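Q: here you go, sequence then predicted model.
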Amino acid sequence: MYGDSILCFASTTTIHTDGNYNAYSWSLNGQIIGESDSVTLYQGGLLYLSATDTAGCLFEKEIIIIENDSISIEYI
């Protein structure tokens, strides 16, 4: 997998695979969010990828996507 693992507040990032697989399953915080070779994220959390190649071999990977907090400005 490659892509940014830091997500700025209120932005997106796209994570891609770096291999040739037949089937993909992406989940974020336990919810399935995609079934292609890349996924676009709108929030941080635990990202999990399960991919199967033509021989039936399974590849699994987890990464933590960190979402930075919004900036708070206090007027005095």
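A: Yep, it's here.
Q: measure the closest residue to L58 other than its chain neighbours to G44 for me?
A: The shortest distance from L58 to any non-neighbouring residue, by CB to CB, 6 or more residues apart in numbering, is to T52 (5.6 Å). Where you see a C-beta, it was placed from the backbone N, CA and C, and this is true even at glycine. Between T52 and G44 the computed distance is 27 Å (CB to CB, to the nearest Å).
Q: okay, these two: which has more neighbours?
A: Ranked by neighbour count (other CB atoms under 10 Å), T52 and G44 place G44 first, with 18 against 14.
Q: and for the nearest residue to the more buried one once chain neighbours are set aside, the neighbour number?
A: In space, not counting the residues next to it along the chain, G44 is nearest to E67; the distance is 3.0 Å by CB to CB, 6+ apart. The burial metric for E67, expressed as a neighbour count using other CB under 10 Å, is 17.
Q: ok, D18 next?
A: 7.
Q: now do it, the pLDDT please.
A: With respect to pLDDT, D18 has a value of 80.
Q: and it, what element?
A: Counting by DSSP states H and E, D18 is held by no secondary-structure element, helix or strand.
Q: give me the distance between the closest residue to C8 other than its chain neighbours and E62.
A: Among residues not flanking C8 along the chain, N68 sits closest, at 5.5 Å (CB to CB, 6+ apart). Applying CB to CB, the value for N68 to E62 is 20 Å.
Q: which residues does the residue nearest to L58 contact?
A: Shown here is T52, whose contacts under the criterion CB atoms under 8 Å, 6 or more residues apart in numbering are 21-23, 58-59.
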